[in-house]
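# starting from these lines, generate the structure:
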Amino acid sequence: MTTEELAELFLAHLYDLAEAAPHPNFLFSVNDFAQTCGVTDRRDLEKAMNYLGDRGLVILAGIDMLGGISAGITIDGSVFVEKGGETGIIGQYRRDPRAFAVTPSELQPSSPAAEEKATRVHEEKQAPFYAGRAVAAILSDIEDVLQGEESVATETKKDLLADLATIKIQMARSVKNKAVIEAVLDDLSGIPSIAPLVTALNCIVGAYFK
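As a prediction, the model looks like this:
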């Protein structure tokens, strides 16, 4: 399976999870899905997620110390799935999801040495990269949702968009004012339609931007 096919296969799965969730902005584990499809090489998984993240189709919320990846589908990602993708694998998955599942006995785990090496590479190089890209993607999605939010008064919406601009400015600085960022995120969290995205953003900022 190519990187593009793996990426689109996961995106379709992520789309289904988001549709079934109480709110479309929930985050889901990439690793759980990878195991069901027999993906045991973390590098393949990260390449697929990079591909989706670079195209703005998913939000990469972060990677934990063991290499676990959490992600959420973006508005563009949902549209991409609904149009059937580009490789044809989404159509195949829709016709027979079971054809892409493997049993536990078919899985071939990576060796401990390979796992340790991949984790070390992640810790040294990947976390800051993922975090910065995830923040940009989440801010973009928050702005899109706010722009179309009809339940918020015009003046209030202007203030909230100004808050977003403040966060963007802070995140672009080498020395960030965490107090300002936290105060702005607290204001934004009061809007139900963007609250899950704000929570994800808060987690990333707290974890990677000390």
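
# residue 49 and residue 3 touch, don't they?
No: in this structure, residue 49 is not within contact of residue 3 by CB atoms under 8 Å, at 9.8 Å. Glycine gets a C-beta too; all of them are placed from N, C-alpha and C.

# higher neighbour count, the two?
residue 49 (24 against 16; other CB atoms under 10 Å).

# can you pull the pLDDT of the more buried one?
pLDDT for residue 49: 82.

# what's the answer for residue 8, then?
For residue 8, pLDDT reads 91.

# in which helix or strand does it reside?
helix 3-20 (DSSP states H and E).

# dump that helix to PDB, restricted to CA.
Only the C-alpha atoms of helix 3-20 are listed here, as PDB (Å, rounded to 0.1, in the frame of the first residue of the first chain):
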ATOM      1  CA  THR A   3       1.700   6.300   1.400                       C
ATOM      2  CA  GLU A   4      -1.100   8.100  -0.400                       C
ATOM      3  CA  GLU A   5      -3.400   5.100  -0.200                       C
ATOM      4  CA  LEU A   6      -2.700   4.500   3.500                       C
ATOM      5  CA  ALA A   7      -3.400   8.200   4.200                       C
ATOM      6  CA  GLU A   8      -6.700   8.200   2.300                       C
ATOM      7  CA  LEU A   9      -7.700   4.900   4.000                       C
ATOM      8  CA  PHE A  10      -7.100   6.400   7.400                       C
ATOM      9  CA  LEU A  11      -8.900   9.600   6.500                       C
ATOM     10  CA  ALA A  12     -12.000   7.700   5.500                       C
ATOM     11  CA  HIS A  13     -11.900   5.800   8.800                       C
ATOM     12  CA  LEU A  14     -11.400   9.100  10.600                       C
ATOM     13  CA  TYR A  15     -14.400  10.600   8.800                       C
ATOM     14  CA  ASP A  16     -16.600   7.800  10.000                       C
ATOM     15  CA  LEU A  17     -15.500   8.200  13.600                       C
ATOM     16  CA  ALA A  18     -16.200  11.900  13.400                       C
ATOM     17  CA  GLU A  19     -19.600  11.300  12.000                       C
ATOM     18  CA  ALA A  20     -20.400   9.000  14.800                       C
END
